[in-house]
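Trainee: Using only what follows, build the 3D model:
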Amino acid sequence: MGIRECCSTFLAALPDPSLPLLPSFILGTICSALILLFVYARESRLGMKATIKLALGNLFCFLPTHNDGEACRNPDCARCHRFHELMTQILHRWPQMKQMDLKLDLQRLEMAVMKLSQKANSAAEKQDQKETENAKADSNKKERISPKSQIAEFQKPTLFHMELPANPYWGDLPVYQHEMELLRLNFPVILQEYKSVFAALQNGDHSGWKLNDIERGHWCVFPLLDQGIIHQANSHRCPNTAALLQSLPPAMTDCVFGNASFSCLYPDSLISPHHGPSNIRLRCHLGLEIPKGCWLEVAGRQHQWEAGQCLLFDDSFLHTASYAPTPPGAPQNNPRAVFMLDLWHPDLTALEKEALRHLCSPS
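Mentor: Okay, here's the model as predicted:
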């Protein structure tokens with residue numbers, strides 16, 4: 001069938017112009033939406049099921065967005081398996097801080113701890129999975145009627161949430177410009193040390209690397225700061241990058257939500273949409289090796305990394321990352337590599353950061 005015949009068949013299948021306006025408008029809107037979903041699924045390589053779920057979540061912000069990507073199999077993960085341990089730690093240490101004879105302005109922190117306490121009490125009352133799901137539905141209803149901005153509806157940290165200014169991307173705002181400039185200036189040194197440890201990995205030396213659990217493909221990291229703890233052996237192998245990390249005051253050392261690592265995402269990989277554990281941090285990506293076909297999406301907005309450039313975002317917003325498969329017959333592409341670094345949220349005061357180091361220490 002030629003192009004003319006295809007067009008004729010398509011036009012013949014269109015609604016009769018004599019139909020009422022409203023049914024014609026609805027039918028046209030549905031067809032347009034399906035076409036857009038198909039194109040987005042093909043370009044992003046998320047798959048139609050994941051694309052529809054993401055679209056519904058963005059369209060109806062109140063819908064629960066928790067999915068398999070919200071949890072991993074790492075027993076030390078602060079966002080998943082250590083959730084209750086960290087919750088207990090924070091709730092246990094907060095009364096001790098309040099008993100100190102200090103006149104500190106920690107109202108925002110106290111509100112966050114109260115929310116966490118309510119979450120803990122609610123979870124303790126549930127006896128089975130059905131009751132737990134009902135509690136989540138009630139929580140979502142409360143969020144819908146609270147006076148939040150539309151953009152904040154995409155922000156759902158899984159563990160600890162403070163009332164802080166919320167933006168998915170922070171690169172266009174005047175925050176941490178000095179730190180990002182230092183990273184850009186030291187890009188050649190950081191890249192050289194990344195290539196050194198990655199070459200060792202390719203030669204069979206897996207020491208220091210961690211494999212993250214994702215929906216499709218492979219994602220591994222080489223941590224220098226692992227949930228607030230300096231990785232001494234890895235830092236010794238990357239002395240210049242480690243020294244730069246420790247020279248940055250906003251780096252989240254001594255806090256369980258703080259990480260810094262070389263992050264490698266291989267071709268044909270998908271990191272499912274998920275939320276970070278807390279909004280007290282911003283995540284910075286310094287592009288190291290950025291092949292074609294990989295991208296990051298935060299709160300429905302896509303962004304592509306650039307080698308030698310920094311991308312600053314809030315990972316407590318719904319976010320996902322993808323790397324397209326290598327075309328058939330083409331040489332295998334290298335992984336997408338970035339230097340990932342967590343920084344304190346810029347609106348936190350020095351006293352709040354000191355208190356958070358105590359409440360959320362890695363010990």
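Trainee: What is the burial count for the nearest residue to residue 332 once chain neighbours are set aside?
Mentor: Nearest residue to residue 332, sequence neighbours excluded (C-beta to C-beta, 6 or more residues apart in numbering): residue 326, at 5.5 Å. C-beta here means a position set from N, CA and C on the backbone, and glycine is covered the same way. Residue 326 is flanked by 15 other residues according to other C-beta atoms under 10 Å.
Trainee: Strands of this protein, start to end?
Mentor: Using DSSP state E, the strands of the chain run over 210-212, 219-226, 229-230, 260-265, 269-274, 281-289, 294-298, 301-303, 310-313, 319-323, 336-344.
Trainee: Show the average pLDDT along the fifth one.
Mentor: Model confidence over strand 269-274 averages 93 on the pLDDT scale.
Trainee: do the same with the first one
Mentor: Here the mean pLDDT over strand 210-212 is 92, rounded to a whole number.
Trainee: need the contact list for residue 353.
Mentor: Residue 353 makes contacts with residue 344, as judged by C-beta atoms under 8 Å, 6 or more residues apart in numbering.
Trainee: and it, how far is that from residue 213?
Mentor: Distance of residue 353 to residue 213, computed by C-beta to C-beta, to the nearest Å: 31 Å.
Trainee: do the same with residue 238
Mentor: Counting by C-beta to C-beta - residue 238 and residue 213 are separated by 24 Å.
Trainee: again with residue 263
Mentor: 14 Å.
Trainee: Same drill for these two, tell me which one is more crowded.
Mentor: Neighbour totals were compared for residue 263 and residue 213, and residue 263 leads with 22 against 13 (other C-beta under 10 Å).
Trainee: And the pLDDT for that one?
Mentor: Value for residue 263, per-residue pLDDT: 97.
Trainee: burial count for the residue lying closest to residue 344 once chain neighbours are set aside?
Mentor: Leaving out its chain neighbours, the residue that sits closest to residue 344 by C-beta to C-beta, 6+ apart is residue 250, at 4.9 Å. Residue 250: 20 surrounding residues under other C-beta under 10 Å.
Trainee: Flag the shaky bits of this structure, pLDDT-wise.
Mentor: Along the chain, the parts satisfying pLDDT under 70 run over 1-4, 6-24, 37-83, 100-104, 122-152, 330.
Trainee: how about the helices in it?
Mentor: Using DSSP state H, the helices of the chain run over 3-12, 21-44, 48-59, 83-99, 107-125, 129-145, 177-185, 187-202, 232-237, 239-246, 350-359.
Trainee: separation between residue 297 and residue 303?
Mentor: Applying C-beta to C-beta, the value for residue 297 to residue 303 is 7 Å.
Trainee: which one of the two has more residues nearby?
Mentor: residue 297 (20 against 17).
Trainee: Would you check that residue 156 makes contact with residue 277?
Mentor: No: in this structure, residue 156 is not within contact of residue 277 by C-beta atoms under 8 Å, at 10.7 Å.
Trainee: okay, these two: which has more neighbours?
Mentor: Set residue 156 next to residue 277 and count neighbours by other C-beta under 10 Å: residue 277 wins out with 24 against 21.
Trainee: That one and residue 90: what is the separation?
Mentor: From residue 277 across to residue 90, the span is 12 Å (C-beta to C-beta).
Trainee: before we move on, what about residue 121?
Mentor: Counting by C-beta to C-beta - residue 121 and residue 90 are separated by 14 Å.
Trainee: who's more crowded, those two?
Mentor: Per other C-beta under 10 Å, whichever of residue 121 and residue 90 has more neighbours is residue 90, with 21 against 10.
Trainee: Could you list everything residue 337 pairs with in the sheet?
Mentor: residue 264, residue 289 (DSSP bridges).
Trainee: so how many other residues sit close to it?
Mentor: 23.
Trainee: contacting residues for it?
Mentor: With contacts defined as C-beta under 8 Å, 6+ apart, residue 337 is in contact with 194, 198, 262-264, 288-290.
Trainee: got it, and residue 271?
Mentor: By C-beta under 8 Å, 6+ apart, the contact set of residue 271 is 69, 214-215, 219, 265, 320-322.
Trainee: Not counting its neighbours along the chain, what's nearest it?
Mentor: Nearest one to residue 271, counting by C-beta to C-beta, 6+ apart, is residue 321 at 4.4 Å.
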